[in-house]
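[1] Sequence first, then the predicted structure:
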Amino acid sequence: MSYQFNEQFAAASRQFADAAAQFNRLTLENAEKVFGLQLATFEENANATFAFLGEVAEIRDIDGLKAVWPKGLQVARENAERVVTTGQEVFGRTLKTNEAIAELAKAQVASTTAKAQAQAEQVVKAATAKRK
């Protein structure tokens, strides 16, 4: 009986470790993609801002400043749009990853429940057979 319990415990532990490894893999892949998206957005925003600041540095009079002011607002608006778009994409990717993890957890619970049910039925059959 002890051997059977040890085998069941070892199998459950292996199954848990495999599931945890899959959860970690999904989470790390998502983090890598999210970080890449955010870094790319930061790079685009920085490039646009520094290009604009380069133009501002070349201005020598108030008329030049008046001419470049709308472009500064355009750069700021585009930067904000990129940040919002990236945030939405990050949210979508994270949501999909969480759904995949939930499905994996659901499959693990269903598998464990099925195994426990089968073992319980075997114990009941064995107990019934001993009584007869």
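    Now that the structure is in, tell me what you want to look at. Numbering: from 1, shown residues only.

[2] And the longest helix belonging to the chain, what does it pack against?
    Ordering each helix of the chain by length in residues (DSSP state H) puts helix 62-131 first. The helices and strands touching helix 62-131, judged by 3 or more CB pairs under 8 Å, 6 or more residues apart in numbering; DSSP states H and E, are helix 2-57. In this view, the C-beta of every residue, glycine as well, is placed from N, C-alpha and C.

[3] Now do the helix it packs on, average pLDDT.
    Helix 2-57 carries an average pLDDT of 89.

[4] tell me how far that helix is from the chain's mean position?
    6 Å (CA atoms, centre = their mean, to the nearest Å).

[5] tell me the angle of it relative to helix 62-131?
    170 degrees (axes from the mean of the first three to the mean of the last three CA atoms, to 10 degrees).

[6] Could you find the closest non-adjacent residue to K71?
    Using CB to CB, 6 or more residues apart in numbering and skipping residues adjacent in sequence, the residue nearest K71 is F52, 6.5 Å away.

[7] what about the one you found, how many residues close to it?
    17 (other CB atoms under 10 Å).

[8] roughly how far apart are it and R60?
    17 Å (CB to CB, to the nearest Å).

[9] Same question for Q22.
    62 Å.
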